[in-house]
Structure formats: structure tokens, C-alpha cells
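J.: Kindly return the folded structure for what I paste below:
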Amino acid sequence: MKNKNTYLMFVLFLSTLLTLPAFAAELKNEKARQEGNRLVITYDLEGKEREAEVGLTLTVEGKTYKASELHVEGDLGKVKTGRGKRISWNILQDFPRGLRAGVDWELATTGDVFTDSATGMQMVFVKGGCYQMGDTFGDGYANEKPVHEVCVNDFYIGKYEVTQGQWQRIMGNNPSYYKNCGDNCPVEQVSWNDIQQFIQRLNNQSGKQYRLPTEAEWEYAARSGGKSEKYAGGNDVDAVAWYDGNSGRETHPVGQKQPNGLGLYDMSGNVWEWCSDWYGEKYYGQSFRDNPDGPSSGSYRVLRGGSWNGEPRGGRVAYRVRYNPGGRYGSHGFRLAGPAQ
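T.: Predicted coordinates for the structure are as follows:
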């Protein structure tokens, strides 16, 4: 919903675009008003949790800013649930001449969800942060080492793997081997290259900026926001994943196993998920700390998460495999990511 308010110095377009799942603290009664040279946003934070991570982004004259990049103060970051929360942005400190162009703002808590109108995909907001990426349990492989600190910005990621029905809606076909599984099963037999065509068409229809997640984003999200978890959602593989020991040697509809701490399903098991990165076997020893996006070139792309026909070890959140970007397999699918704006 968008509200339009006209002020003497500038025009503000205020938007809150998210619907909320039951497991997340809920933002309510978001309002904005001008107080002198400040934009003041007030809201209530309701839920059973004692606190939640609250983030704010502002888009000014076509450029998106995190709250930390501007003179913003108030109830951001870790916020205790309750009423009467307040955020204040001193606009003239950042834009001394004032604003005459539109400003969009988006307030979100980790776990918030919006639904893409073109496909019905549910996208979950992930609050960025730093974590230890790689084989933190000591039972991994050489390409999962060394364990190193990585930091990622806020982003959105699919609550579920992209389904056969969603692919059909955009591409007009269903390449999956397991078509009999149904529209709510993950699309598979799609190559990394095929997915780029899907993303281009989807972005043209939706006006969004969807993409594949980077390896660093994928692992951060799978670890429920960088936590020490062996599988996506904990250390019990049967609770969270379809793999060769319980899948019946086929894919399953998305969302039947337990979600992880961010409300994301099937990040361990069901189908391998393509990431955006080129594969680098020794890249972890050379990786950037902030928002790494893989080697600049390569022959293979990365997949993560394991699949219905793999051993439990393949579903570990640190496990990495590589495949030709043109390859199509009945165990390979994907989920999408997008910028937090």
C-alpha cells in the first residue's frame, strides 16, 4: 500500500510492502509524519518473541540506503517487542537542500515475507550479518576450508525452492523429470543457464531484481542467519531434509519437512540448489570478507544443499559441489534471492 503526503520542502511516498508469517514478530501500525526537518516513523512490534531484528531501507532519488548510511536513529536493530517504537531520520543532514523527488521506505523484521505477484513465490527477508563460513563441525572436505568470517548485507530469499507450477507460469513449459509429483514440487532438470532465462523473463514481468543467491548468502540463510547448524534447521537430518534414506528416490512437494530458524524450507535435501558463483576449490583461502561473490571466472557453477538421491552428508550446510552450467539433472533445482529494497 502506498500513501502520498505532500510537505512544503519535499514529497514523501511511504510504502510498507510485506505480509507476515505466524512465526515472526509482526510489525503493526506503521506510520510516518514530518516533524520539522525529520521523517519520523512509528510502529508497534508484536509477537511472542521478546525481541526481533528490525531493519529500515530508504530509496532516495533512485538510490537505496540502509539506515546505517544516513542520520537515522531510534528503534532499529535488536528491538524488544512492544508498542510505541520510533525511528527518526534527519533529512537535512544528509540532503541539505531538501528533497523534491519521491522517497520510498521499507520497514522489515527478519522472517517477514512478501509474495511475488507474477509467480506466487514467497520471499523471506534476511537481516544481514557476519558468520563463520565453511566446515565448522570438523567433518567436511578440503573445499569447505579454511573456515573464514564472511559478512553479507540484508537480502530476500525464497521461502521454498522454485516449483514446477511457478516455472510453468513464466516459461510456458515444465522440464522436470518428476512431473507426476505435481505443481508444488521443485522444478528440476534446469541448468544454471536455463535459470538465467527464467530470471530475465520474471524480472521483465515483475519489475523486480531477482537473481540466484551467492554461496555466502545461501549458507548464511541455510544456517538460520549464520548459526552453528549442521543441516538447515538443526542437526537432525530426518527432520529437515529429503535424502536417499527417506525420500523413496524421488522429489517431494516443497515445505513438508521442518523449516529452519528463518522459516526457510528444504535448504537441506529435496533438490540441489544452484548458486550464482563460479566454483573455486581453494576460493575460501582467497575470499573477500564482505559480500563475496565467488571467483571472477571458471568452468563450473556451485550447487548447495544436497538432494533426494544423496547421502545425509550432502545436505550439510557447508557442503559444496560443482557442475557444468549447461547441465540438466533430475536432482538439480533452485531458489531465488533479491535485494532488500
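
J.: Report the mean per-residue pLDDT for the longest helix along the chain.
T.: Secondary structure assigned by DSSP state H gives helix 192-206 as the longest helix of the chain. On average, the pLDDT along helix 192-206 is 97.

J.: hmm, who's touching that helix?
T.: Residues from elsewhere that reach helix 192-206, judged by C-beta atoms under 8 Å, 6 or more residues apart in numbering: 116-119, 162, 167, 170-171, 175, 190, 208-212, 274, 301, 323, 325-328, 334, 336. No exception for glycine: its C-beta is placed from N, CA and C like everyone else's.

J.: Identify those among those residues that sit within strands.
T.: Of the contacts of helix 192-206, the ones assigned to strands by DSSP state E are 274, 301, 323.

J.: just checking, the first one touches residue 307?
T.: No - Residue 274 lies out of contact with residue 307 (C-beta atoms under 8 Å); the separation is 12.0 Å.

J.: so what's in contact with those two at the same time?
T.: In contact with both residue 274 and residue 307: residue 332, using C-beta under 8 Å, 6+ apart.

J.: Can you give me the pLDDT of residue 27?
T.: Per the predicted model, pLDDT is 87 at residue 27.

J.: mind listing the strands for the stretch 101-250 of the chain?
T.: Assignment of strands within the stretch 101-250 of the chain using DSSP state E, counting those that start in this stretch yields the ranges 103-109, 113-115, 122-126, 129-133, 148-152, 155-158.

J.: centroid residue for the protein?
T.: Geometric centre of the chain, nearest residue: residue 157, 2.2 Å, by C-alpha atoms, centre = their mean.

J.: Contacts only, for it.
T.: Counted by C-beta under 8 Å, 6+ apart, residue 157 has contacts 123, 124, 126, 213, 217, 218, 221, 264, 335, 336, 337, 338.

J.: try it again with 6 Å
T.: 124, 126, 213, 221, 337 (C-beta atoms under 6 Å, 6 or more residues apart in numbering).

J.: Quick check: closest non-adjacent residue to residue 35.
T.: residue 88 (7.7 Å; C-beta to C-beta, 6 or more residues apart in numbering).

J.: Doesn't that neighbour lie inside a strand?
T.: Yes - counting by DSSP: H, G, I helix; E, B strand; the rest coil, residue 88 is found in a strand.

J.: Give me the local confidence score for it.
T.: 96.

J.: Low-confidence bits of the protein, can you list those?
T.: Residue ranges of the chain with pLDDT under 70: 1-24, 341.

J.: I figured residue 43 hits residue 85, correct?
T.: Yes - judged on C-beta atoms under 6 Å, residue 43 makes contact with residue 85 at a distance of 5.0 Å.

J.: Report the separation between residue 70 and residue 111.
T.: Distance from residue 70 to residue 111, counting by C-beta to C-beta, to the nearest Å: 24 Å.

J.: So between those two, which is more surrounded?
T.: Neighbour totals were compared for residue 70 and residue 111, and residue 111 leads with 26 against 17 (other C-beta atoms under 10 Å).

J.: Quick check, the more buried one in contact with residue 261.
T.: No - using C-beta under 6 Å, residue 111 is not in contact with residue 261, being 8.7 Å away.

J.: Tell me which stretches of the protein form helices.
T.: 91-94, 164-171, 192-206, 215-222, 237-240.
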